[in-house]
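Trainee: need a structure here:
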Amino acid sequence: LWLTYEQMINDHRAAVIAIAHFLEISYTDELIDKVVQNSTIKSMQNNKKANIGINHLRQGGIGNWRNTFTVSQSNLFDTVYKANMAGSGLHFDFGEGLYM
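Mentor: The predicted model follows:
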């Protein structure tokens with residue numbers, strides 16, 4: 001199963017269903033609805049079992065790394081990412097027109 005964060009954000013319900021299929025888990029629409037509702041950033045931020053207090057549940061959304069990485073860090077990531085992903089056949093949408 002190849003599933004990106006961006007895919008999960010863009011179609012959360014479809015991502016949950018894809019995970020259930022991959023894990024060969026039987027589900028109902030009601031169960032999918034519950035998982036979708038409880039796996040949003042806002043829901044997890046308010047859940048003490050999910051939010052363990054080390055700021056790993058920040059804002060959610062796509063592309064916020066642009067506000068965290070410096071230009072130099074971003075360029076280094078791009079270089080390392082391209083080298084490691086070369087030949088994999090995988091391409092990802094990093095938001096705002098950035099596809100690698």
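
Trainee: the longest helix seen in the chain packs against which elements?
Mentor: Taking DSSP state H as the criterion, the chain has its longest helix at helix 71-85. With contacts defined as 3 or more CB pairs under 8 Å, 6 or more residues apart in numbering; DSSP states H and E, there are no secondary structure elements packing on helix 71-85. C-beta coordinates here come from the backbone N, C-alpha and C atoms, glycine included.

Trainee: so Asp78 sits against Met100, correct?
Mentor: Yes: counting by CB atoms under 8 Å, Met100 is a contact partner of Asp78 at 7.3 Å.

Trainee: would you double-check that Tyr27 falls in a helix?
Mentor: No: applying DSSP: H, G, I helix; E, B strand; the rest coil, one finds Tyr27 to be coil, outside a helix.

Trainee: how near is it to Gln37?
Mentor: 14 Å (CB to CB, to the nearest Å).

Trainee: who has more neighbours, those two?
Mentor: Tyr27 (16 against 10; other CB atoms under 10 Å).

Trainee: what's the distance between the more buried one and Asn67?
Mentor: Counting by CB to CB - Tyr27 and Asn67 are separated by 36 Å.

Trainee: all good on my end, thank you.
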